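K.L.:
Sequence first, predicted model second:
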Amino acid sequence: MPPQIIDLTGDWTLRSTDGKYSIPAQLPGDTHSALLAADAIKDPYYGTNELDCQELAQQDWIYARTFDLSAEDLAASSIYFHAESLDTIATVYLNGSPLIESDTMFARQRAEAKPLLKAGENLIEIHIASAENAAIAKAAELTYPVPMNEFPVQSPHRNLVRKVQCHGGWDWGPCLMVSGASGPLYLAASNQGRIEYTYTEQVHQPDCCELKVYCEYESLGAEESTWEVTLDGKSQVFPATLHPGLNRLEAAVRIENPKLWWPNGYGDQPLYDLGITIQGESIHKRIGLRTMELIYEEDDVGLSFCVQVNGLKIFCKGANWIPTDALPQRQTREVYEDLLSSAAKAHMNMIRVWGGGQYEQDAFYEICDEKGLLVWQDFMFSCALYPVDKDFLASVDREVRHQVKRLRDHPSIALWCGNNENVGALKWYPESLANRDRYIVDYDRLNVGVIQQAVAECDPTRVFWPSSPCGGPDDYSDAFENDQRGDMHYWHVWHLNKNLEAYYDVVPRFCSEFGYQSFPSLEVIRSYAEPEDFNVTSPVLEHHQRNPAGNSKIVEMFTRYFRMPDGFEGFVDLSQILQGIAIKMAVEHWRHLRPVCMGALYWQLNDNWPVCSWASLNYGGKWKLLHHMARRFFAPTIVSAFQKEGGDKVEIWVTNDRPAACSGEVTLRSLDFSGNQHRKESISLEIPAGGAVQVTDLVIAEWAKDPASRFLQVTLATAEGIFDNTHFFARYKRCELQDPAIKVTVETDKAGRLAARISTDQPAFFFSLDAEDIAGEFDDGGFTLLPGEDRVLAFEAKGEAPAPATLEHAIRVHHLKATYH
Ligand code: BMA
């Protein structure tokens, strides 16, 4: 913390310049949260209220507050103002005089404030002009159009201002053009200087890591001084010959026998406390020691794409991340902790911070460090073309330099990526199709000329991947379609309505996006709709679906694979089953293709309001069925069954991410829909380290004369435990599922945890329990519950655990046959 800080976070007032609103507000915070707290707007997430908020996007706002300074405070040589994420077209006034003008929410703002301050009461005001109006004005000045992707409710020309792109609406997100500020906001006083940034570089040798430590120090004077580096309590002092202006100090400390940081599932995440102190100012952070490489090399297939940590190739399993809330004031550490815990529990080891959102707050990256979640960090450009005027490029340059220096010490960050889908976007618009040269040159000016250049200077330790998807540096071809080079976004099943088996036709090197939508869980729908709206085509339900063809796609896919569901609840549940199956098929298939394929990140982990979307976690963090299924299909060692469309065989494979070989036994059983066993076979096998092995290739006719009359239950037993999986030989709609009578009783298990004991008299498919309004999740779901089995599912309560009877009463049972009669 800089010395003598005046924290400016907390209570402010907020008024619109047209005099319509004048209310209390919080910073960090946003206009819409303040308006909601003051009852000046209705909950924008409820019903279609979002539409009533659209006029707020044209407002200009003023945040104001006072603070006191003493004469002693003012005696300091320097008092500077610091803000991060001023959103967006902002002028900061101190006692009526302008201090800072900013048109980006992604770069940090610092300025000398002392000349504008006085002893006694001071007034600070942050004037925020409408970003929407600024974007419209900028569009009018362009000499040629710079198009962007269109969404149902949106703010025009969002790509022309450096604001979170999805504030202006997305195909899962509301259009709420909030203004405000997030992150630190303070005045700091100093007599000698200030730390601008600190960062480290690791040089690993056998049994030792040399940690180079850098400190960018803005000194007010010339001085022979010292600075101190403290690692896990041990300090070393280094000389610092300071000159006025920016000094770049460098020192090295040796760490013998370093404890290495590993991704989730591969080992621990030891973090070292690093302190850097100079002239009374200290910075503290926690760092992890590891080598991190992104390997992309020409090979027999094309261009590989693989993350390697401490020399070990990691199959990256995870999901894409969007901002946690469309109301930024609700983006708290607790929410990060909740969502990222859910990711880690589902065996994820990578999160992609997608380019249409934001550089997240420090807490996000700290938690990723703690949980071993690798971060794929996009720069914040998405699904659009971008302007390249001098001011815009200069602003992006400041943004990238700030964000890279702020974040680069996080061990979790695996790579920097230029943008989301902007190469693809070159082909989306008539303007760019008609003049690709012009737009590709512009794209390159921004992406290579500015972003890549700034990254190379500010973080030479990591790879800059030009775009997602991308076939590699200097490759401007359409990587969406290319499964041979770099990363791909495979959207043929959702956006192009292909059958689910189409996932089996691609062999991605790394699939960084693919997704399938589902409806939010019922109690989440209840938060925005009344029972009379509980119909997929009601105006409220359609409002909470931002992919225009989305509901039709879901219904149409039902007709291909399932019997039509009864009632609204059946519809919601079946949509979650469909989503879970789709992503499971893709992930299991691509995992078994390792080492050709080395990553699968589905679209998307979370929602920023309650909506029908591709997310596996509902808004609020509650798990959809997909998240339970992810916990199974991302497990380190799994057994899977693959049947091509129209195929007469099923391939059984074991995939193992663990870096150690092991032996195991696979048991295959063919059962009818009453649970009677008709054939059983067991196969012992050696499972390779970090690899996949085919167990057998079974002929369906030998296991089910009528494929619709049987299903296959596959079990893998290893020293690590038992993993089970289910395969249908025929489409679900052709099978006569029985109505199971399921018993659920809640008890306290030996470890003192709440647990549900479950049993059934008929097989129940895609089984899960849900505690409705009681926050928490059962530790397994999405499996087949068979008669004769006695399973116990532990309840992982969030917050205080409920009484067993309360939980038992709240539980709802979900499975495939319950969606129709
Ligand atoms: C991807 C993303 C998002 C979008 C999603 C679903 O391509 O990058 O822009 O929300 O598809 O359409």
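P.N.:
Cool, got the structure.
K.L.:
can we go C-alpha only for contacts and neighbour counts from here?
P.N.:
Fine.
K.L.:
Contacts for stretch 146-164, please.
P.N.:
The contact list for stretch 146-164 (CA atoms under 8 Å, 6 or more residues apart in numbering) reads 87-88, 103-106, 131-132, 134-136, 138-139, 165, 168-171, 174-175, 177, 356-358, 380-381, 383-387, 429, 431, 546-548.
K.L.:
List the contacts of S432.
P.N.:
L426, R438, Y439.
K.L.:
Would you format these as JSON lines with secondary structure and neighbour count included?
P.N.:
Formatted as JSON lines, these follow (DSSP: H, G, I helix; E, B strand; the rest coil; neighbours: other CA atoms under 10 Å):
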{"residue": "L426", "secondary structure": "coil", "neighbour count": "25"}
{"residue": "R438", "secondary structure": "helix", "neighbour count": "11"}
{"residue": "Y439", "secondary structure": "helix", "neighbour count": "21"}
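K.L.:
gap between T17 and N320?
P.N.:
38 Å (CA to CA, to the nearest Å).
K.L.:
These two: which is more packed in?
P.N.:
Legend: neighbour count by other CA atoms under 10 Å for T17 and N320, higher for N320 (22 against 15).
K.L.:
So what does that one look like in phi/psi?
P.N.:
phi -90, psi 140 (degrees, to the nearest 10).
K.L.:
Quickly list what it is bridged to.
P.N.:
Judged by DSSP bridges, the bridge partners of N320 are R352.
K.L.:
surely it meets Q604?
P.N.:
Yes. N320 is within contact range of Q604, at 4.6 Å (criterion: CA atoms under 8 Å).
K.L.:
and the end-to-end length of stretch 89-108?
P.N.:
13 Å.
K.L.:
Leaving out sequence neighbours, find the closest residue to P636.
P.N.:
Computed as CA to CA, 6 or more residues apart in numbering, the closest residue to P636 that is not its neighbour in sequence is D657, at 5.1 Å.
K.L.:
Once you drop chain neighbours, what's closest to the residue located most distally from the centre of the chain?
P.N.:
Residue farthest from the centre of the chain, counting by CA atoms, centre = their mean, is A71 at 47.2 Å. Leaving aside its chain neighbours, A71 sits nearest to A119 (5.3 Å; criterion: CA to CA, 6+ apart).
K.L.:
still on that earlier bit, intersection of neighbour lists for N320 and Q604?
P.N.:
Common neighbours of N320 and Q604 (CA under 8 Å, 6+ apart) do not exist.
K.L.:
any idea how far the residue sitting nearest the centre point of the chain is from H592?
P.N.:
The residue lying closest to the centre of the chain (CA atoms, centre = their mean) is W321, at 1.6 Å. Distance, W321 to H592, by CA to CA: 25 Å.
K.L.:
could you list every residue that touches F519?
P.N.:
V572, D573, S575, Q576, V611, C612, S613.
K.L.:
what is the mean pLDDT for the helix ranked longest in the chain?
P.N.:
Determined from DSSP state H, the single longest helix within the chain is helix 567-592. The pLDDT scores in helix 567-592 average 98.
K.L.:
and if you look at stretch 613-624?
P.N.:
Confidence over stretch 613-624 (mean pLDDT, whole number) is 98.
K.L.:
distance between the ends of that stretch?
P.N.:
Span of stretch 613-624 from end to end, CA to CA: 11 Å.
K.L.:
Can you give me the buried ones in it?
P.N.:
Neighbour-count burial for stretch 613-624, counted by 16 or more other CA atoms under 10 Å, picks out S613, W614, A615, S616, L617, N618, Y619, G620, G621, K622, W623, K624.
K.L.:
shouldn't the second one be in contact with F514?
P.N.:
Right, the one you point to is W614. No. Under the criterion of CA under 8 Å, W614 is not in contact with F514, lying 9.1 Å apart.
K.L.:
Common neighbours of those two, please.
P.N.:
Joint contacts of W614 and F514 (CA under 8 Å, 6+ apart) are W603.
K.L.:
Narrow the contacts of stretch 146-164 to those that are buried.
P.N.:
87-88, 103-106, 131-132, 134-136, 139, 165, 168-171, 174-175, 177, 356-358, 380-381, 383-387, 429, 431, 546-547.
K.L.:
The residues you listed in strands, which ones?
P.N.:
Secondary structure defined by DSSP state E assigns D87 of the buried ones among the contacts of stretch 146-164 to strands.
K.L.:
Any idea how many residues pack against R591?
P.N.:
27.
K.L.:
Can you tell me the SS state at A454?
P.N.:
Here A454 takes the helix state, with states given by DSSP: H, G, I helix; E, B strand; the rest coil.
K.L.:
Go ahead and confirm it touches V396.
P.N.:
No. Using CA under 8 Å, A454 is not in contact with V396, being 9.4 Å away.
K.L.:
Give me the distance between the two termini of stretch 420-429.
P.N.:
16 Å.
K.L.:
Could you list the domains of this protein?
P.N.:
4-189, 193-278+280-287, 315-625, 635-736, 737-821 (automatic domain parsing).
K.L.:
Tell me which of these is the most buried.
P.N.:
domain 315-625 (a mean of 21; mean count of other CA atoms under 10 Å).
K.L.:
Quick one: the helices in the stretch 451-600 of the chain, in order.
P.N.:
Secondary structure of the stretch 451-600 of the chain by DSSP state H, counting those that start in this stretch: the helices cover 453-458, 522-525, 539-543, 550-561, 567-592.
K.L.:
Equivalent analysis for the stretch 1-150 of the chain, please.
P.N.:
Counting by DSSP H, counting those that start in this stretch, the helices of the stretch 1-150 of the chain are 31-37, 71-74, 131-141.
K.L.:
and the second one, C-alpha only, in CSV?
P.N.:
Output for helix 71-74, consisting of C-alpha atoms alone and laid out as CSV, is shown next (Å, rounded to 0.1, in the frame of the first residue of the first chain):
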residue,chain,number,x,y,z
ALA,A,71,-2.3,20.8,6.6
GLU,A,72,0.1,18.0,7.5
ASP,A,73,-1.4,15.8,4.8
LEU,A,74,-0.7,18.6,2.3
